[in-house]
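Chemist: just to be clear, the model below is a prediction. Sequence and coordinates:
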Amino acid sequence: MAPKKNNAEIKILFKKFEQTRDFQIREELIKKHLYIAEILSKKYANKGIDYEDIYQVACLGLIYAIDRYDLSKGYEFSSFATPTIIGEIKKYFRDKGWSIRVPRRIQEISKSVNNAKSMLSQELQKTPTVKDIANYLNLSEETILEALEASNVYTVGSLDSTIENENDDKKINLRTLVGEEDKFYDMVENKDFIMRTMAKLSDIERKIIEDRYFNKKTQIVIAEEVGLSQMTVSRLEKKILSKFKQEYKRIN
């Protein structure tokens, strides 16, 4: 019963986070799912980049996944987070210039595996299993898996590919799981800065910023609510934005 209870608690946390975007709830979700980042990081260890660096990247991917997760879509968070984290790790490997040394033996086996997959796909009229490839090449399944894993490090997965859904037999397109980056993620990364700067503002200054940039109100509406002229609100807004710029320059 414990796993089901824990799963229910996780869903409640995600629901609360969707509604509030509370940083404390976010931190709790991160802590509860760090094991995913750890497991995936270990898969890419000993490939030319320090484990700690890979783990940090995986944690970043985990944070992105938590921020993007949509509970209403019905799939488990682990199914959503895994391709997101792996995508970040692979991107990190690419950004590092692919300076990864794969043993020549594995390189040669990888070529043979790719050829075997092509041959067996035509012969069997289906995607060959690891066992099929191992029997075809007269190698152990462990060796085939090692070669496939090495190949995956160098291959960028297509967003048009699919994965199995844990809850039913339907397949999920990766494009629906891994969204494109947009301005929201810059906001997430700078959220601490925004909150610290907002705390230094007066009540009226904080209301103007919250209403203008979070509640999408016009200066005229804000002016009516606070009892000031639209011109005064405009001048205050410019003054507040100047404070943000000065604070940003100060810490950077």
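Modeler: Perfect, thanks for sending it.

Chemist: rest of the way, CA atoms for contacts and neighbours
Modeler: Noted.

Chemist: tell me the helices and strands packed up against whatever helix or strand T197 lives in.
Modeler: For T197, the enclosing helix or strand under DSSP states H and E is helix 191-199. Helix 191-199 makes packing contacts with helix 230-251 when contacts are defined by 3 or more CA pairs under 8 Å, 6 or more residues apart in numbering; DSSP states H and E.

Chemist: what are the buried residues along the helix it packs on?
Modeler: Q230, V233, L236, E237, I240, K243, F244 (16 or more other CA atoms under 10 Å).

Chemist: adding distance to E108 and pLDDT, write those out as a markdown table.
Modeler: Putting the buried residues of helix 230-251 into a markdown table (distance: CA to CA, whole Å; pLDDT from 0 to 100) gives the following:
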| residue | distance to E108 | pLDDT |
| --- | --- | --- |
| Q230 | 71 | 85 |
| V233 | 69 | 87 |
| L236 | 67 | 90 |
| E237 | 63 | 89 |
| I240 | 62 | 88 |
| K243 | 60 | 85 |
| F244 | 56 | 84 |
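
Chemist: tell me the one among the residues you listed nearest to Y136.
Modeler: Ranked by distance to Y136 (CA to CA), the buried residues of helix 230-251 are led by F244 at 64.1 Å.

Chemist: what sits closest to that closest one if chain neighbours are left out?
Modeler: What sits nearest to F244 in space, not counting adjacent residues and going by CA to CA, 6 or more residues apart in numbering, is T197, at 6.8 Å.

Chemist: number of residues surrounding that neighbour?
Modeler: Counted with other CA atoms under 10 Å, the neighbours of T197 add up to 16.

Chemist: and if you look at I30?
Modeler: 19.

Chemist: where does R196 land on pLDDT?
Modeler: pLDDT recorded at R196 is 77.

Chemist: how does this structure divide into domains?
Modeler: 2-98+162-168, 104-154, 190-251 (automatic domain parsing).

Chemist: okay, now E108: neighbour count?
Modeler: 11.

Chemist: low-confidence ranges, this structure, go.
Modeler: For the chain, the stretches with pLDDT under 70 are 1-5, 48, 95-104, 150-192, 251-252.

Chemist: where do the helices of it begin and end?
Modeler: Assigned by DSSP state H, the chain shows helices spanning 2-20, 23-43, 51-68, 77-95, 104-124, 130-137, 141-154, 174-177, 183-189, 191-199, 203-213, 219-226, 230-251.

Chemist: follow-up on the earlier one: turn the buried residues of helix 230-251 into JSON lines, columns for distance to G61.
Modeler: Below are the buried residues of helix 230-251 laid out as JSON lines (distance: CA to CA, whole Å):
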{"residue": "Q230", "distance to G61": "43"}
{"residue": "V233", "distance to G61": "40"}
{"residue": "L236", "distance to G61": "38"}
{"residue": "E237", "distance to G61": "35"}
{"residue": "I240", "distance to G61": "33"}
{"residue": "K243", "distance to G61": "32"}
{"residue": "F244", "distance to G61": "28"}
